[in-house]
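>>> Kindly return the folded structure for what I paste below:
(one chain, ligands or ions: 1)
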Amino acid sequence: MLLRSFSDKELRVWLKLEYTNPGGSHKDRAAYYMIKQAFEKGLLRPGSRIVEVSSGNTAISLAWIGRRLGLEVYIVVDSRVSPTKVSLLKMLGAKVEIAPLVPPEHPLFKRNIAIAIAREKSAVFLDQDSNDANHLAHYESTCVEIVEQLGRVSAFVMGVGTGGTITGVGRCLKERMGSDVKIYGVVPKGSSLDPSVSTGRRSYIEGLVGSTKPELYNKYSKYVDELIPISEEEALAKLRVLMMNEGIAAGPSTGAAIAAIEKLKNLGKIRGDVVTIAADSIVRYPHILEKLVG
Ligand SMILES: Cc1ncc(COP(=O)(O)O)c(C=O)c1O
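Next comes the predicted model:
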């Protein structure tokens, strides 16, 4: 949809409402592609087990699709994840491990727990942080829909978690429209991908990159022109405006993307038709909604 309150004569901002997918986020695409590819490779069959580390959205999509295909689903989340997502996962029958906030070298770091579950339960670790099927899902589906719906665009702006969406859409747009299409990644201030000399604490924007660098993003980062650091406060402020002015109840990573678009607009870096994605909905974060109420 066109966001009129963020657009003007020079710039039209388009928001793709991915929270309308059946699993509630853009991650339905990556989850479906990763499972489909594992079936095709003969790694999975009904009754098999899968395990994944997720900030919740991939997990919910995997739990839903996995259940439909007769898989047993193990999910590792960290202790900051929205309790609503954990409840949804349990309702869908997934087995959920909540990992403590420890450094990557610690045995209880979320990824290390997933590797241990894969070993102990003979489960397939889908590993969205390095799985090419995640990138391919957005290369083959999200991008194609954007092009079908909008035709030529001038820029794509998206929060970076695993990097699957930004690199998949970025690669496809650049291949179809040339290097004039600008691809802007949005990262939390102080995160591992913040290009500025960052001071102060690391912002937490659920779903976006934290202290580790995702392998998938590194592999395809040549399709991204610039990374824009955004704080949690900036993201939440835009989320409120989005809700008040446009009636869109999107999640925090969407607020971050809108904040980045405003910055790029003020710097005169974007014009024409610019697209971003509402990855999920604020309904998944009632604790944040309460903060916004005051
Ligand atoms: C709410 C939300 N926004 C953005 C992203 C980033 O998407 P990607 O992992 O494709 O970079 C995620 C990833 O989990 C997410 O959950």
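>>> Please give me every residue in contact with the residue of the stretch 51-200 of the chain found nearest the ligand.
Residue of the stretch 51-200 of the chain nearest the ligand, by CB to the nearest ligand atom: G161 (2.9 Å). Where C-beta positions appear, they are placed from N, C-alpha and C, glycine not excepted. The contact partners of G161, by CB atoms under 8 Å, 6 or more residues apart in numbering, come to 55, 207-209, 214, 253.
>>> Also L239?
250-252, 254-255, 258, 282, 292.
>>> repeat that with 6 Å
G255 (CB atoms under 6 Å, 6 or more residues apart in numbering).
>>> I'd like the numbering to begin with 845 instead of 1 from here.
Got it, the first residue is 845 from now on, which makes the last one we talked about L1083.
>>> Please settle this for me: is it part of a helix?
Yes - judged by DSSP: H, G, I helix; E, B strand; the rest coil, L1083 forms part of a helix.
>>> before we move on, back to that, can you narrow the contacts of G1005 to ones near the ligand?
899, 1051-1052, 1097 (CB under 6 Å from any ligand atom).
>>> Which of those fall within helices?
Residues of these located in helices (DSSP state H): S1097.
>>> Give me the subset of the contacts of G1005 that lies in strands.
Members of the contacts of G1005 lying in strands (criterion: DSSP state E): none.
>>> returning to that earlier point: biggest separation within the ones next to the ligand among the contacts of G1005, which pair?
S899 and S1097 (9.6 Å; CB to CB).
>>> Which one of those two is surrounded by more residues?
Using other CB atoms under 10 Å, the more surrounded residue of S899 and S1097 is S1097, with 29 against 22.
>>> wait, isn't that one in contact with G1003?
Yes - using CB atoms under 6 Å, S1097 is in contact with G1003, at 4.1 Å.
>>> intersection of neighbour lists for those two?
L1052.
>>> What pLDDT is listed against the closest residue to the ligand within the stretch 945-1094 of the chain?
Of the residues in the stretch 945-1094 of the chain, the one nearest the ligand is G1051, at a distance of 2.4 Å by CB to the nearest ligand atom. On pLDDT, G1051 comes in at 95.
>>> which neighbours do S899 and S1097 share?
In contact with both S899 and S1097: G1051, using CB under 6 Å, 6+ apart.
>>> which bits of the chain sit near the ligand?
Residues of the chain lying near the ligand (CB under 6 Å from any ligand atom): 871, 899, 901-902, 1003-1010, 1051-1052, 1095, 1097, 1123-1124.
>>> And the strands in the chain?
So, for the chain - with DSSP E - the strands run 855-861, 893-897, 916-922, 939-943, 968-969, 999-1003, 1026-1032, 1070-1074, 1116-1122.
>>> Flag the helix or strand of the protein with the lowest per-element mean pLDDT.
helix 1130-1137 (a mean of 87; mean pLDDT, DSSP states H and E).
>>> residues in contact with K1063?
Contacts of K1063 (CB under 6 Å, 6+ apart): none.
>>> So for the least confident helix or strand of the chain, what gets flagged as buried?
I1132 (16 or more other CB atoms under 10 Å).
>>> One more: stretch 1123-1132?
Going by 16+ other CB under 10 Å, stretch 1123-1132 has these buried residues: 1123-1126, 1128-1129, 1132.
>>> again with stretch 1015-1027
Neighbour counts over stretch 1015-1027 (16+ other CB under 10 Å) mark 1015-1018, 1025-1027 as buried.
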